[in-house]
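Trainee: take a look and give me a structure for this.
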Amino acid sequence: PPLAPQPAAAEPAGPPQDPRWATFLGHVVGVEAAAERCRELEDRLGQAARAEDFVEAARLRDELREARGADLLARARGELDAAVAQEDFAWAAQLRDQAGTCLEGWWAGRGTDGD
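Mentor: Sure, this is the predicted structure:
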């Protein structure tokens, strides 16, 4: 049997009208731009190393280090990786639990319908 038509939504479709939404979106765009910049620098660093242009490679390495330092997620990931490498699992677990690094790449929320 065909599905019955659903009643129209009470709210218009689209992003929430809360002004914090624009702030959140700005943060997401900034994080994505920083990650893209790091990928670009990593690629250029690899090219410079393969070409044995070590002066350029050193400059790019420093620029990449600075770009990663500005990326809070990359810093948290780096601290977590270092703790695991040092087998300091208590510290790694604390970083994971308090920093939300285990949720990297996930955006979660709850709808108003309880879904």
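
Trainee: residue ranges with poor pLDDT in the chain?
Mentor: The model of the chain has pLDDT under 70 over residues 1-16, 71-74, 99-115.

Trainee: let's see that with 80 instead.
Mentor: For the chain, the stretches with pLDDT under 80 are 1-28, 30-31, 68-77, 95-115.

Trainee: following the longest helix along it, which helix or strand shows up next?
Mentor: Longest helix in the chain, counting residues (DSSP state H): helix 19-50. As assigned by DSSP states H and E, the chain's next helix or strand after helix 19-50 is helix 54-70.

Trainee: in that next one, what's buried?
Mentor: 57, 60-61, 64, 67-68 (16 or more other CB atoms under 10 Å). In this view, the C-beta of every residue, glycine as well, is placed from N, C-alpha and C.

Trainee: what's the closest of those residues to Ala51?
Mentor: Checking the buried residues of helix 54-70 against Ala51 by CB to CB gives Ala57 as the nearest, at 8.5 Å.

Trainee: and the residue lying closest to the closest one once chain neighbours are set aside, how far from Arg39?
Mentor: In space, and not counting its chain neighbours, Ala57 is closest to Ala48: 4.0 Å by CB to CB, 6 or more residues apart in numbering. Counting by CB to CB, to the nearest Å, the gap from Ala48 to Arg39 is 15 Å.

Trainee: the residue nearest to Ala57: how many residues sit nearby?
Mentor: If you count neighbours by other CB atoms under 10 Å, Ala48 ends up with 18.

Trainee: residues in contact with it?
Mentor: 54, 56-57, 60 (CB atoms under 8 Å, 6 or more residues apart in numbering).

Trainee: isn't Ala67 up against Arg39?
Mentor: No: with contacts defined as CB atoms under 8 Å, Ala67 does not count as touching Arg39, sitting 10.0 Å away.

Trainee: same for whatever helix or strand Leu95 lives in, what does it pack against?
Mentor: Applying DSSP H and E as the criterion places Leu95 in helix 89-99. Secondary-structure packing of helix 89-99 (3 or more CB pairs under 8 Å, 6 or more residues apart in numbering; DSSP states H and E): helix 72-85.
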